[in-house]
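Colleague: quick one: sequence and predicted model below, then my questions.
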Amino acid sequence: MNKKIVYSAFMVLLVLIAGCGKDNYDEPESVLTGHVVYQGQALQVRGTDEQVRLQFYQDGYAKHDPIDVFITQDGSFTAKLFDGTYKAVTKDGNGPWVNSRDTTVIEVHGNTTHDFEVTPFFTIADATISLNETVMDASFTINQVVESATIGRVFLLLNTTSFVDEGYSAAKKEITEDLKVGKVNFSLDFSDNEKVKNASALFGRVCVQANGADQGIYSPVVRLR
């Protein structure tokens, strides 16, 4: 047999063996669950398109890239991890909260629950959302948490599924003027939107976004129809 052919076959075999070795690493089996909270209360955020996230780091490894942990619209998160000590931070410049980059140490051993505390720019309280024929009425209170924060815009949102946010809505109204902290009342007229008018199910939500923030804080999703 040609020596070059034998050598080539041997090299291919070595590559295959090496590849199999790489694939034989153990998979993480522990599950970390929790919520992003402020004063113990889960914060409502945008949950679609993996827009809001935390970042986890684990010391002692040559590769020190962050593990992105995505947050769902009710503020919850789930991550499959190896047992060990993790340092969790907010992603720089991401989220409706102060990105102080302060580290939270989380010990993961088996299935673990740990909430992550943040400081939002604003919170939404006492949200009441209702339908009056082809108008969505929203009444809620905007509470200021960070003294220097200013309100950039408010969204009124409707969707035909329970996933409702700035990126996923069938009807949306953006308000940028005369915004204030305290009790507010806004309305969204969808009389010219046939999809929303004829929808068998409708879900509503409001959002307050601070100037300079890439994401807003939301009210809980409410089924209206």
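Modeller: Nice, thanks for sending it over.

Colleague: C-alpha from now on. contacts and neighbour counts both.
Modeller: Noted.

Colleague: tell me the pLDDT at residue 73?
Modeller: As predicted, residue 73 sits at a pLDDT of 96.

Colleague: that one: what secondary structure?
Modeller: At residue 73 the chain is in coil, as set by DSSP: H, G, I helix; E, B strand; the rest coil.

Colleague: does it touch residue 44 like I think?
Modeller: Yes - if you go by CA atoms under 8 Å, residue 73 and residue 44 touch, sitting 5.6 Å apart.

Colleague: look at those two and report which has more neighbours.
Modeller: Using other CA atoms under 10 Å, the more surrounded residue of residue 73 and residue 44 is residue 44, with 25 against 22.

Colleague: measure the more buried one to residue 67 for me?
Modeller: 22 Å (CA to CA, to the nearest Å).

Colleague: do the same with residue 209
Modeller: Distance of residue 209 to residue 67, computed by CA to CA: 26 Å.

Colleague: ditto for residue 143
Modeller: Noted for residue 143: a distance of 32 Å to residue 67, by CA to CA.

Colleague: how about low-confidence regions in the chain?
Modeller: Residue ranges of the chain with pLDDT under 70: 1-26, 60-63.

Colleague: outline the domain layout of it.
Modeller: The chain breaks down into these domains under automatic domain parsing: 30-117, 122-223.

Colleague: what count of nearby residues applies to residue 217?
Modeller: 24.

Colleague: just residue 178 next, same as before
Modeller: Quick note: residue 178 (other CA under 10 Å) scores 7 neighbours.

Colleague: how about it, secondary structure?
Modeller: Relying on three-state DSSP, one would call residue 178 coil.

Colleague: got the phi and psi for it?
Modeller: Phi and psi for residue 178, reported as degrees, to the nearest 10, are phi 60, psi 40.

Colleague: so how far is residue 154 from it?
Modeller: The value you get for residue 178 to residue 154, if CA to CA is used, is 10 Å.

Colleague: any idea how far apart the tips of stretch 213-220 sit?
Modeller: Criterion CA to CA; first-to-last residue distance in stretch 213-220 is 20 Å.

Colleague: now stretch 209-224
Modeller: End-to-end for stretch 209-224, by CA to CA: 23 Å.

Colleague: kindly report the same for stretch 92-109.
Modeller: Termini of stretch 92-109 sit 27 Å apart (CA to CA).

Colleague: can you give me how far it is from the chain middle?
Modeller: 13 Å (CA atoms, centre = their mean, to the nearest Å).

Colleague: ok, and for that stretch, which residues are buried?
Modeller: 94, 95, 96, 97, 98, 99, 106, 108, 109 (16 or more other CA atoms under 10 Å).

Colleague: now for the residues you listed: which two are most distant?
Modeller: Spanning the widest gap among the buried residues of stretch 92-109 are 96 and 109, at 29.9 Å by CA to CA.
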